[in-house]
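K.L.:
okay, here's the prediction I keep looking at, along with the sequence it came from:
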Amino acid sequence: MFMVLNHSISVFNEIGKLKSVLLHRPGEEIENIVPDYLGRLLFDEIAYLEQARREHDQFADILKKEGVEVLYLTDLMVEVLKDQKIRDEFLKDFIREGKAGTEGLKEALLEFFDQYSPEDLIIKCIAGVRKEELKDIRPKSLGDMVKNPYPFYLDPIPNLYFQRDPFASIGHGISLNVMANETRNRETLFAKYIFKYHPRFKDVPKWYDRDNTYSIEGGDILVLSKDVVAIGISDRTSPMAIETLSSNILNSEQGFKTVLAFDIPKARAFMHLDTVFTMVDYDQFTIYPGIENPLDVYSITLGKNKELNIKHEQERLSAILKKYLKLSAVNLIRCGDGDAIAAGREQWNDGSNTLAISPGKVVCYNRNHVTNKALARNNVEVLEFESYELSRGRGGPRCMSMPLIREF
Ligand SMILES: NC(=O)NCCC[C@H](N)C(=O)O
C-alpha cells in the first residue's frame, strides 16, 4: 500500500522507499564561520565551502539517481517570499529573532534587505550580515555607537544543511521544533513560513510548535514503524517536549501506538539519538557501542481517557527493539565493527548516521570505511559519497536530510 496521495508529508517508517526529501545546499553562511565563535556556532573547525558544496551535490545526485525527489529549502522559501506581505512579515520575525539590537539597527537591516530579490534575500538571510555591510548607516543611539568587536549584525546560520533537525515529519504531520541552542533557533522560522504559506505544504498539521518552551530536535526523532516512534532524551531534547509531542501524536489518529523515549548520555558525541542509532533494514540497525548497555527507556501509550501512560523499563536496546517492533531477532551493526579505536574515530564523523533510502539500502560517508564494510557484510547496500568538509559540522547523511514522503 502506498499512502501518499493528497499528502505532502507521509512518513510512517525509517526505511520505506524514500520518495521526496528536503535538503539545504551549504551556502555563504559557511564562509561566516569564524574561529572565535566556533563553539557558539556548533562547529569544530572552519569548513571550505566549495568542497562542501561538491560533496553535498554528490549526496543529492545519489538520491536523484535513486528516483528521489530532492527539494531545496531555499527554493521553497523563494516561492513563499515572492508575496510582498509575507516577505515583510518574515523579515520582521527574522530580524527580531536575530536579536539585532536597537530599533534603529532593526530598521536599517529592513532597509538593507530591500535591495534583494527573493532569491538573493534568502541566501543573504542564511549567510548573515557582517557589520561592514551596513557601514553607511549612521549610529543614532548609544547602543549602536558603543564599540563592540562582534563581527555580525545578524548571525550566519551555518547548521542549516542539517535539515533533519529544525522540523520532523511524523505520519502526515510535522513537529516544528524548538532548538536547544540559540544559533539554530532561526532555522525553524524557515519551516514556519513554508508550512504556513507554501501552497504544497500549508495544510500540514503540527504535533509540536516552535512557540513551546521546551527544546526538541529532529535528530532525536525516529519513526521506527507505523506503530512506534522513538525519541531521544538528549543534550538537545527535553522530556517535557517529548511528553507534549507524544500526547499530540498518540491522539492524532495517525495510528501510532507507542512513543519510546530513550534516555541517552548528554554529551556532544551523542548529541542526538540518530548520531548513535539508525535503522537500516526491518531488523537491522547501526549503533554506537556506547549505547549497548541497558538503557533507561520510557514507553508512552494512551490510556482509556486519552491520558498518557508512561512506563519505565531498563533494557538492552536489542530487547526493546524486538519487543516493540515485534521481531524475532534484531541485528545491531556496530560503528567501527567491534574495534574501539575505529568506533571512536568513525563515530566522530557520523559512522552510525546512515540515511536509508529503501530497506537494506543506505547512503553513508565514504570515510567511515570500517563501519561501511560491516554494513556490506550484513547485506546492506551502501552508497557512498565524500565528506572532507561536510563532516566538520558533526553530522552525517541522516542529519542532512528531512524525508517528506516515504513509501508506507
Ligand atoms: N541530527 C543531527 O545529529 N544533526 C547534526 C547537527 C550538527 C550541528 N553542528 C549541531 O551541533 O547541531
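P.N.:
That came in fine, so what should we check first?
K.L.:
hey, let's count contacts and neighbours off CA atoms from now on
P.N.:
OK.
K.L.:
and the closest residue to the ligand within the stretch 151-300 of the chain, how far is that from residue 329?
P.N.:
Residue nearest to the ligand within the stretch 151-300 of the chain: residue 219 (3.4 Å; CA to the nearest ligand atom). The spacing between residue 219 and residue 329, counted by CA to CA, to the nearest Å, is 26 Å.
K.L.:
settle it for me: which of these two has more neighbours?
P.N.:
Set residue 219 next to residue 329 and count neighbours by other CA atoms under 10 Å: residue 219 wins out with 29 against 13.
K.L.:
tell me the SS of that one?
P.N.:
helix (DSSP: H, G, I helix; E, B strand; the rest coil).
K.L.:
enumerate every residue touching it.
P.N.:
164, 165, 272, 273, 274, 275, 399 (CA atoms under 8 Å, 6 or more residues apart in numbering).
K.L.:
among those residues, which ones are in strands?
P.N.:
Judged by DSSP state E, strands contain none of the contacts of residue 219.
K.L.:
and those near the ligand, which?
P.N.:
164, 165, 272, 274, 275, 399 (CA under 6 Å from any ligand atom).
K.L.:
would you turn these into TSV with neighbour count, pLDDT and distance to residue 119?
P.N.:
What follows is these, written out as TSV (neighbours: other CA atoms under 10 Å; pLDDT from 0 to 100; distance: CA to CA, whole Å):
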residue	neighbour count	pLDDT	distance to residue 119
164	25	98	23
165	29	98	23
272	29	96	32
274	29	97	32
275	28	94	33
399	24	98	25
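K.L.:
return the residues of the stretch 251-400 of the chain in contact with the ligand.
P.N.:
Checking the stretch 251-400 of the chain against the ligand by CA under 6 Å from any ligand atom, the hits are 272, 274, 275, 393, 394, 395, 399.
K.L.:
and the furthest pair within those?
P.N.:
Largest separation among these by CA to CA: 274 and 393, giving 14.9 Å.
K.L.:
isn't residue 266 right next to residue 235, touching?
P.N.:
Yes. Using CA atoms under 8 Å, residue 266 is in contact with residue 235, at 4.5 Å.
K.L.:
those two - which one has more neighbours?
P.N.:
Using other CA under 10 Å as the criterion, residue 266 and residue 235 rank with residue 235 on top: 22 against 14.
K.L.:
what sits closest to residue 195 if chain neighbours are left out?
P.N.:
Take residue 195 and drop its neighbours on the chain: the residue closest to it by CA to CA, 6 or more residues apart in numbering is residue 202, 4.5 Å away.
K.L.:
could you list the domains of this protein?
P.N.:
Following automatic domain parsing, one gets these domains for the chain: 18-71+158-406, 75-154.
K.L.:
ends of the shortest one, how far apart?
P.N.:
The separation between the terminal residues of domain 75-154, taken as CA to CA, is 22 Å.
K.L.:
so where do the helices sit in this protein?
P.N.:
Shown for the chain, the helices assigned by DSSP state H span residues 49-65, 73-81, 84-97, 103-113, 118-127, 142-145, 182-185, 187-197, 239-250, 317-325, 340-348, 369-377.
K.L.:
residues of the third one that come out buried?
P.N.:
Within helix 84-97, the residues that qualify as buried are 87, 90, 91, 92, 94, 95, counting by 16 or more other CA atoms under 10 Å.
K.L.:
need the contact list for the nearest residue to residue 300 once chain neighbours are set aside.
P.N.:
Distance criterion CA to CA, 6+ apart; nearest residue to residue 300, sequence neighbours excluded, is residue 310 at 4.6 Å. Counting by CA under 8 Å, 6+ apart, residue 310 makes contact with 298, 299, 300, 301.
K.L.:
so the last one versus residue 402, what's the distance?
P.N.:
So that's residue 301. 26 Å.
K.L.:
so between those two, which is more surrounded?
P.N.:
Shown here are residue 301 and residue 402; by other CA under 10 Å, residue 402 has more neighbours (25 against 21).
K.L.:
thought the more buried one was touching residue 21?
P.N.:
Yes. Checked against CA under 8 Å, the pair residue 402 and residue 21 is within contact range at 5.5 Å.
K.L.:
can you check the pLDDT for residue 253?
P.N.:
The per-residue pLDDT reported for residue 253 equals 89.
K.L.:
next, count neighbours for it.
P.N.:
When neighbours are counted by other CA under 10 Å, residue 253 comes out with 10.
K.L.:
and if you look at residue 325?
P.N.:
So residue 325, with other CA under 10 Å, has 16 neighbours.
K.L.:
pLDDT score assigned to it?
P.N.:
For residue 325, pLDDT reads 98.
K.L.:
what comes up buried for stretch 64-73?
P.N.:
68, 69, 70, 71, 73.
K.L.:
assess the claim that the first one and residue 18 are in contact.
P.N.:
It stands for residue 68. Yes. If you go by CA under 8 Å, residue 68 and residue 18 touch, sitting 6.2 Å apart.
K.L.:
could I get the buried residues of stretch 64-73 as a markdown table with pLDDT and distance to the ligand?
P.N.:
Shown next, in a markdown table, are the buried residues of stretch 64-73 (pLDDT from 0 to 100; distance: CA to the nearest ligand atom, whole Å):
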| residue | pLDDT | distance to the ligand |
| --- | --- | --- |
| 68 | 98 | 20 |
| 69 | 98 | 21 |
| 70 | 98 | 18 |
| 71 | 98 | 18 |
| 73 | 98 | 16 |
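K.L.:
out of the residues you listed, who's nearest residue 43?
P.N.:
residue 73 (21.1 Å).
K.L.:
now do the contacts for that closest one.
P.N.:
22, 23, 24, 190.
K.L.:
next step: these restricted to strands.
P.N.:
Going by DSSP E, the strands hold 22, 23 from these.
K.L.:
which residues of this protein score low on pLDDT?
P.N.:
1-5, 138-139 (pLDDT under 70).
K.L.:
how about 50 then?
P.N.:
The chain contains residues with pLDDT under 50 at 1-4.
K.L.:
point me to the residue of the stretch 1-150 of the chain nearest the ligand.
P.N.:
For the stretch 1-150 of the chain, CA to the nearest ligand atom, closest residue to the ligand: residue 42, 4.6 Å.
K.L.:
I figured that residue hits residue 393, correct?
P.N.:
Yes. Assessed by CA under 8 Å, residue 42 is found in contact with residue 393 at 7.2 Å.
K.L.:
find the residues that touch each one of those two.
P.N.:
residue 159.
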